[in-house]
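Enquirer: Got a predicted model here, sequence first, then my questions.
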Amino acid sequence: MKLNAVELSQKLIQIPSYSGVNSQVLEFLGNYLKNLGFTCDYLEYDGSDSYPVNNLHSVFNPKNSERVIYFAGHTDVVKEGDKASWKHDPFAAKIIDGTLFGRGAADMKCAIACFVTAVEEFLAQNKSPNFGIGFLITNDEEADGVNGTAKVLEWMKENNKKITHCLVGEPTNPKKFGEMIKIGRRGSIGFKIKIIGKQGHVAYPDIALNPITILISLLKILKDHKLDEGTKFFDPSNLEITSIVSQNLGGNVIPNEAEAAFNIRFNDLHTSQSIIDLVKYACEKTVGFGAKYELTYRTSGESFLSDPKFLAPLVVAASEKITGKKPVLSTTGGTSDARFIKNYAEVVEIGLVNETAHKIDERAEVSEINQLQQTYLEILRQF
Ligand SMILES: [Zn+2]
């Protein structure tokens, strides 16, 4: 059964698929792609301290071409929350006045539907293209992301599945389709610092050691330190203090401990290790004089830039042709599976509007779904 991008989006939204194993949604997609001539592999992974996940790898490469463009995406959605707060059932995929409502509309089932139908339209006109087309679909991007895209990429490498270019269909636009595509991301590390001083009477500060004074100096030094000026594609790296707490012992008591938390978003002039080393150095130089400190941190992602060589300019041109405006190349926003793919292929993220992703009444404009489908088709034509 041939469906258009909007109809296929509705079918996908109507299958609720939370992170982990969901055979129904991937088999539905796989069957659709098999009908287009694709070879499908269903890959289930578990272990690595995470839950089991199923994934779909699908490829059409009849000439065994060296150049293979993939579309990467995820079928898993975040929970809908209180269904009663939704204007329309989150899994009914209703269209009201040109807007498609449903969990996963923006993030990112419509984008999957757009790419599938763009490929279908492309292959109807070009029976035997000079490049391969593949799909890497995981059902776990929204949660751990451990047994998903990263493991499929390893499997592809072991099994000689070529990938040279990749589009990721995450929603990339703040307000309207065609505003923004993404070619990288900043890295992120969360830090916690605890300063252990010496409790005492505020009237006798010479025989106490105030951890708050030390903490404030340390945070000021860290906040004032300019990490960099930014680069062509990245904003300057930035530190934000997110919390300062101490035991509230009363107005005449110097507390024993004080703690703060801060997060550093860093560009590709740094690595997580160079940032951690810098913070450690500042702690060592600032604390001293009998106080102690405990520093803990968690890296949630390294920064990366997929050098805009061939695919990014092509995506810009295709998007401009369809919408009439040139999208900005950006590296803003949260993390995505592009961070794994960039080690294997030039990767560009282009999708719908992210404004309602993960929210109640998540939605996508029908006109923009069609524009995204046409943009993907134009990318395939120019590839
Ligand atoms: Zn997403």
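Expert: Perfect, thanks for sending it.

Enquirer: C-alpha only now, for contacts and for neighbours.
Expert: Fine.

Enquirer: which SS class is the residue most central in space within the chain?
Expert: Computing the C-alpha centroid of the chain and ranking residues by CA atoms, centre = their mean puts S336 first, at 1.9 Å. Following DSSP: H, G, I helix; E, B strand; the rest coil, we place S336 in the coil state.

Enquirer: same question, Y45
Expert: strand.

Enquirer: how close does it sit to T172?
Expert: As for Y45, its distance to T172 is 28 Å (criterion: CA to CA, to the nearest Å).

Enquirer: And for L329?
Expert: Taking CA to CA, one finds L329 at 10 Å from T172.

Enquirer: Need the residues touching each of these two.
Expert: Common neighbours of L329 and T172, using CA atoms under 8 Å, 6 or more residues apart in numbering, are M180, I181, K182.

Enquirer: show me the residues around the last one that make contact.
Expert: Right, the one you point to is K182. By CA under 8 Å, 6+ apart, the residues touching K182 are T172, L329, S330, T331, T332, V348, E349, I350.

Enquirer: now these in TSV, with secondary structure and distance to H57?
Expert: Formatted as TSV, these follow (DSSP: H, G, I helix; E, B strand; the rest coil; distance: CA to CA, whole Å):
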residue	secondary structure	distance to H57
T172	coil	23
L329	strand	28
S330	strand	28
T331	coil	27
T332	coil	28
V348	strand	19
E349	strand	19
I350	coil	20
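
Enquirer: Buried members of these into PyMOL, please.
Expert: Buried residues among the contacts of K182 (16 or more other CA atoms under 10 Å), as a PyMOL selection:
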select buried, resi 172+329+330+331+332+348+349+350
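
Enquirer: Tell me, how many residues neighbour F233?
Expert: By the criterion of other CA atoms under 10 Å, F233 has 18 neighbours.

Enquirer: if I look at the residue nearest to the centre of the chain, how far off is F28?
Expert: 24 Å.

Enquirer: and what of T335?
Expert: Distance check for T335 against F28: by CA to CA, it reads 27 Å.

Enquirer: pLDDT wise, what is D277 at?
Expert: Listed pLDDT for D277 reads 98.

Enquirer: same deal with M1?
Expert: Per-residue confidence (pLDDT) for M1: 68.

Enquirer: check contacts around K176.
Expert: Contacts for K176 (CA under 8 Å, 6+ apart) come out as L352, V353.

Enquirer: pretty sure it is in a strand, no?
Expert: No: the assignment for K176 is coil, going by three-state DSSP, so no strand is present there.

Enquirer: and T242, that one's in a strand?
Expert: Yes: assigned with three-state DSSP, T242 falls within a strand.

Enquirer: OK, contacts around it?
Expert: By CA under 8 Å, 6+ apart, the contact set of T242 is A260, A261, F262, N263.

Enquirer: What are the contacting residues of stretch 331-350?
Expert: Taking CA under 8 Å, 6+ apart as the rule, stretch 331-350 contacts 141, 149-150, 153, 163-172, 180-186, 233-234, 301, 304-309, 311-312, 315.

Enquirer: Just the closest of the shared contacts of L329 and T172 to L249, please.
Expert: K182 (48.8 Å; CA to CA).

Enquirer: ok, which stretches of the stretch 151-300 of the chain are helices?
Expert: Counting by DSSP state H, counting those that start in this stretch, the stretch 151-300 of the chain has helices at residues 211-224, 272-286.

Enquirer: how far away is T99 from Y70?
Expert: 28 Å.

Enquirer: Counting neighbours, go ahead and name the busier of these two.
Expert: Ranked by neighbour count (other CA under 10 Å), T99 and Y70 place Y70 first, with 24 against 17.

Enquirer: what sits opposite the more buried one in the beta ladder?
Expert: G134, C166 (DSSP bridges).

Enquirer: residues touching it, list them.
Expert: I133, G134, F135, L136, I163, T164, H165, C166, L167.

Enquirer: go again using 6 Å as the cut-off
Expert: Counting by CA atoms under 6 Å, 6 or more residues apart in numbering, Y70 touches I133, G134, F135, C166.

Enquirer: Need the nearest residue in space to R381, chain neighbours excluded.
Expert: Leaving aside its sequence neighbours, R381 sits nearest to F122 (CA to CA, 6 or more residues apart in numbering; 7.3 Å).

Enquirer: ok so, going back, which among the contacts of stretch 331-350 end up buried?
Expert: 141, 149-150, 153, 163, 165-172, 180-186, 233-234, 301, 304-306, 311-312, 315.
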